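Engineer: Got a predicted model here, sequence first, then my questions.
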Amino acid sequence: MSVNVEPCLDIRGLSAVLPNGQRVLRSVSLSVHPGEVRALVGESGAGKTMIGKAVLGVLPKSVRIVEGEMLIEGEDLGRLDPKARRTLIGARTALIPQDPLTALNPSRRIGAQMIDRLVRILGWNGEKADKRIRQLLDEVQIRDSERVLKSYPHELSGGMRQRVLIAAAFAAEPRLIVADEPTTALDVTVQKQILRLIAQLQRDHGTAILFVTHDLGVVAKISQKVSVLYAGKVVEEAETAALFEAPQHPYTRALMAATPRYTDPYASLKPVDETVLAGLAAEIAAADQAWRPRHD
Amino acid sequence: MDEASIARRGLSPRLWLAGGWLLLALLAAIFAPLVAPQDPLAQDLMLERLPPFWLDGAEPGYWLGTDSLGRDLLSRLIFGGRIAFIVAFAAATSACLLGSALGLIAGYVGGWADRIISRIVDVWMAFPPVLFAILLVAVLGTGLSSVILAIAIIDWTRFCRVIRAEAMSQARMDYVESARIAGYGRIGIMLREVLPNVLPSVVALLSLEMGIAVIVEAILSFVNLSISTDDPTWGSIIAEGRLSIHQAWWVLVFPLITLILTVLSFSQFGEALKARFDPVLR
């Protein structure tokens, strides 16, 4: 990537701890450039979702960021006052959530919810927002948008709701979208369509995406770059094609070996090698030993 | 929500029976001077302790009989309904506004706000409510407004506890998080995202509380601590009826039935409304 283009998202040496002092993010650095999809892959508990929440400013209260910077289009979130930060995050980012069941307000109609957001973020009037929403619903291939806009969330299927959420995420033209395992809660048959939709809209709108997933198959399909996360630490970072061709870190290799093959799913299904995990644990313990948060 | 489901739910007998009784009682109370067959305060010692209309010795025009001072029981019940409904609406609404607002703040904001509000609720609920009410009215002085105030002061905790718990579970939902990402502040999220989802419970509790307010007012009247003794209230009629139970049982029984029907209707009406308001149950 060209060096002179400012990244949409630039995370530099981000560390976070729990109240008991345990580190959950270990000097994480990663960047997402305009129009690029960066996959963030790792097993559950690795801190993938935590990074997404940190960027969007919705970390749980118990998690404290102790060092590092997060820049959205060159603006350091840590230097902004809370109100300015909220405005910046609201205007430039959006989330495609993991669970479409709880991501929409059950007691408000879909149309009202979507329009509200646009009015809030872009300051548009209701009519303009309504037009925009219809256009986006069209883009996510919802044909009976009239009915969908008037529906309550529980009246739609999971796949339909995820389409609505994708449309909502792209509607305000954010620069960066955090997609937090957007296909995990869906049927396998629907997963593929949703993934294709996200890729399609991403290309059409030129939006940068930080794509959080545990599924290497999804990584290969959608991203140009990958960061592999283990225990809150980026163990490998590469272009997607290069990573699949020649994974450098033993953990990445082990993770790939653990992915089931369609030809023989049971034989190929093996857990990540224990010696690799032991090596990682030692590596992380050594790093933690040496680590002192800068603010102390 | 399609037409068929509206029709199906609209026919819920619970809603109709409870709502029907409340509407009847409310209309009678509002138009009491037109509806009541007699003056509720007019005493006539020639007509004392007349039985209700189906018993021997009843007088036409005195449907439910008269009390020991010859006052028409039905008219007194109808006029007593005025006080009951005013207290029910005013006290329950005040308790609801206060309790729900504090509950919403405690549940959504959490932290110190929650700790302070929850401790106050704990202390509040340690007081026996009826004694607390009697004490409050004794301090505030009798009268309609102090009865309303006393009930609101005692019963806001009922709303606070329930709404706090519901707001807490709503606060963990993803749509609240996505509202935060979109840049809404606390107040905006509470009103836009959380409140609509706790509203069905607020409505059900409000209706239930109206029934409770009617009971508390009756209790206060019973111990002669409600409004002035001239105006008939259900509680004061019950208190009088208790004294003449052996000579005129109807003076005790009819206000009791009225009271029970009204309280029951309020609670059932609330439950039925909740089922209708809740988009997921709907």
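Structural biologist: It's in.
Engineer: Tell me which residue of the stretch 51-200 of chain B lies closest to chain A.
Structural biologist: Of all residues in the stretch 51-200 of chain B, B:G183 sits closest to chain A, at 2.8 Å by C-beta to the nearest C-beta. Every C-beta, even on glycine, is put in place using the N, C-alpha and C of the backbone.
Engineer: Which parts of the stretch 101-250 of chain A are strands?
Structural biologist: Here the stretch 101-250 of chain A has its strands, by DSSP state E, counting those that start in this stretch, at A:176-180, A:208-213, A:225-230, A:233-239.
Engineer: Make TSV out of those strands and add mean pLDDT, mean neighbour count and distance to B:I117.
Structural biologist: Output for these, formatted as TSV (pLDDT from 0 to 100; neighbours: other C-beta atoms under 10 Å in any protein chain shown; distance: least, C-beta to C-beta, whole Å):
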stretch	mean pLDDT	mean neighbour count	distance to B:I117
strand A:176-180	95	26	33
strand A:208-213	96	26	36
strand A:225-230	94	26	40
strand A:233-239	93	19	41
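Engineer: wait, which of those is closest to chain B?
Structural biologist: Comparing these under C-beta to the nearest C-beta, the one sitting nearest is strand A:176-180, at 8.7 Å.
Engineer: State the pLDDT value of the residue of the stretch 51-200 of chain B closest to chain A.
Structural biologist: On the pLDDT scale, B:G183 is placed at 88.
Engineer: if I've got this straight, it is in a strand?
Structural biologist: No. Counting by DSSP: H, G, I helix; E, B strand; the rest coil, B:G183 is not found in a strand; it is coil.
Engineer: For it, which residues are in contact?
Structural biologist: Residues near B:G183 by C-beta atoms under 8 Å, 6 or more residues apart in numbering or on different chains: A:R86, A:T87, A:I89, A:G90, A:A91, A:R120, A:I121.
Engineer: Same question for A:L243.
Structural biologist: A:V226, A:V228, A:E236, A:T252.
Engineer: How about B:A95?
Structural biologist: B:A95 touches B:I151, B:A152, B:I154, B:D155, B:W156, B:R158, B:F159, B:E209, B:A213, counting by C-beta under 8 Å, 6+ apart.
Engineer: The closest residue in space to the second one that isn't next to it in sequence: what's it in contact with?
Structural biologist: Computed as C-beta to C-beta, 6 or more residues apart in numbering or on different chains, the closest residue to B:A152 that is not its neighbour in sequence is B:S94, at 3.7 Å. Contacts for B:S94 were tallied using C-beta under 8 Å, 6+ apart; they are B:I148, B:L149, B:A152, B:W156.
Engineer: Could you list which of these belong to helices?
Structural biologist: Among the contacts of B:S94, DSSP state H puts B:I148, B:L149, B:A152, B:W156 in helices.
Engineer: still on that earlier bit, just send the contacts of A:L243 back as a markdown table, with distance to A:L280 too.
Structural biologist: Formatted as a markdown table, the contacts of A:L243 follow (distance: C-beta to C-beta, whole Å):
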| residue | distance to A:L280 |
| --- | --- |
| A:V226 | 17 |
| A:V228 | 11 |
| A:E236 | 11 |
| A:T252 | 11 |
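Engineer: now, which of these sits nearest A:I65?
Structural biologist: Within the contacts of A:L243, the smallest distance to A:I65 is 21.8 Å, found for A:V228 (C-beta to C-beta).
Engineer: surely that closest one meets A:T240?
Structural biologist: No. The pair A:V228 and A:T240 fails to qualify as a contact (C-beta atoms under 8 Å) at a distance of 11.1 Å.
Engineer: check contacts around B:A84.
Structural biologist: Listed by C-beta under 8 Å, 6+ apart, the contact partners of B:A84 are B:A29, B:V214, B:E217, B:A218, B:T233, B:W234, B:T262.
Engineer: So the third one sits against B:F85, correct?
Structural biologist: Just to be clear, that refers to B:E217. No. Applying C-beta under 8 Å as the test, B:E217 and B:F85 come out as separate, 10.1 Å apart.
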